[in-house]
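**Q** Structure for the following, please:
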Amino acid sequence: MSGGRLTQQERQQIAAGLADGLAYAQIARRLDRPTSTITREVMRNGGPTSYRADLAHRATERRAHRRRQSLPPERRAVAQGNGRDDQAVRDYEEAFTTLLMQQGLPKMMARVLTCLLVADAGGLSAADLVQHLQISPASVSKAISFLDDQGLIRRERREDRRRERYFVDDDVWYQSTIASARGTAQFAETARQGVSILGPGTAAATRLENIARFSDFISESILRVAHQARDVLHTKPETTSDHTAGQDPGAPRPD
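**A** Okay, the predicted model is just below:
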């Protein structure tokens, strides 16, 4: 799959695809790009009815220029020192933020969570987030409170520092998956309540009972697999040997 910034020719193909009434996924397949890349490109440049390839390309160049100008010298040095393409990292952050938004997370909370996920420092302060995301301290505070309430991050205040630092907990995806499974179980319970109310044997009651059974099965399966796979979240990639790659995390391991 292609990576990096969209070219002007690709933007022209996006415009042509929109004019033909193609879905974002179809356009993405034509360009060998992630669907999220096409979605983000179109939505930030006028939407499907107003997208123009030349205007989108110029707007992207202006944004890139502003980012380079606003990036502090020390940030530029870090980006060059670790060998990463700073623009590619920012594009990736935007793509991951878009994915989180598609999963239901508000935009600002998605931006902050993504920033914490890709941070090598192992934690960021509010000032770090303000500087990196170019947003207000109030926006950071609101996003942190939301993510903390959802159990997606943890706070830490070291004895020698006055400021808090924020981390993505190692178990964040486990906890999120468990919460999702429990939500599905709650859906099953509510659907099943309707069976007795609507009358067993009726078409509506049968429909709700089938939905409840399906939801129960999905919830139980997710919970079981999540418990089995939890250790994967604490495994360092370099410690995984070739012969264990793809092995069922819940399966017994050889001594």
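**Q** Angles on the backbone of Gly199, please.
**A** phi 100, psi 110 (degrees, to the nearest 10).
**Q** let me fix that: Ala179
**A** Main-chain dihedrals, Ala179, degrees, to the nearest 10: phi -60, psi -40.
**Q** show me the contacts for it.
**A** Taking CB atoms under 8 Å, 6 or more residues apart in numbering, we find Ala179 in contact with Gly151. All C-beta atoms are positioned from the backbone trio N, CA, C, and that covers glycine.
**Q** That one and Leu223, how far apart?
**A** According to CB to CB, to the nearest Å, Ala179 stands 11 Å off from Leu223.
**Q** Check the contact between Leu100 and Thr114; I expect there is one.
**A** Yes. If you go by CB atoms under 8 Å, Leu100 and Thr114 touch, sitting 6.6 Å apart.
**Q** the more surrounded of these two?
**A** Using other CB atoms under 10 Å as the criterion, Leu100 and Thr114 rank with Thr114 on top: 23 against 17.
**Q** Confirm the more buried one sits in a helix?
**A** Yes. Counting by DSSP: H, G, I helix; E, B strand; the rest coil, Thr114 is part of a helix.
**Q** can you pull the contacts of it?
**A** So Thr114 contacts Glu93, Phe96, Thr97, Leu100 (CB under 8 Å, 6+ apart).
**Q** Apply 6 Å and report the result again.
**A** Thr114 sits next to Glu93, Phe96, Thr97 when contact means CB atoms under 6 Å, 6 or more residues apart in numbering.
**Q** Which of the three states applies to the first one?
**A** Going by three-state DSSP, the secondary structure assigned to Glu93 is helix.
**Q** repeat for the one 5 residues further on
**A** Using three-state DSSP, the structure places Thr98 in helix.
**Q** Name the nearest residue to the residue positioned nearest the centre of the chain, ignoring sequence neighbours.
**A** Residue closest to the mean C-alpha point of the chain, counted by CA atoms, centre = their mean, is Leu100 at 3.2 Å. Spatial nearest neighbour of Leu100, excluding adjacent residues (CB to CB, 6 or more residues apart in numbering): Ala110 at 3.8 Å.
**Q** can I assume that neighbour is in contact with Thr97?
**A** Yes. With contact defined as CB atoms under 6 Å, Ala110 reaches Thr97; the gap is 4.6 Å.
**Q** Run the chain-centre distance for stretch 162-181.
**A** Computed by CA atoms, centre = their mean, to the nearest Å, the chain-centroid distance of stretch 162-181 equals 13 Å.
**Q** Enumerate the helices of the stretch 101-250 of the chain by residue range, in sequence order.
**A** 107-117, 126-133, 137-149, 172-198, 203-229 (DSSP state H, counting those that start in this stretch).
**Q** Now the first one - C-alpha only, CSV.
**A** What that stands for is helix 107-117. Written as CSV, here are the backbone C-alpha positions of helix 107-117 (Å, rounded to 0.1, in the frame of the first residue of the first chain):
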residue,chain,number,x,y,z
LYS,A,107,-11.7,15.1,17.5
MET,A,108,-9.7,16.8,20.3
MET,A,109,-9.6,13.7,22.5
ALA,A,110,-8.6,11.7,19.4
ARG,A,111,-5.7,14.1,18.7
VAL,A,112,-4.4,14.0,22.3
LEU,A,113,-4.7,10.2,22.5
THR,A,114,-2.8,9.8,19.3
CYS,A,115,-0.1,12.2,20.4
LEU,A,116,0.4,10.1,23.6
LEU,A,117,0.4,6.9,21.6
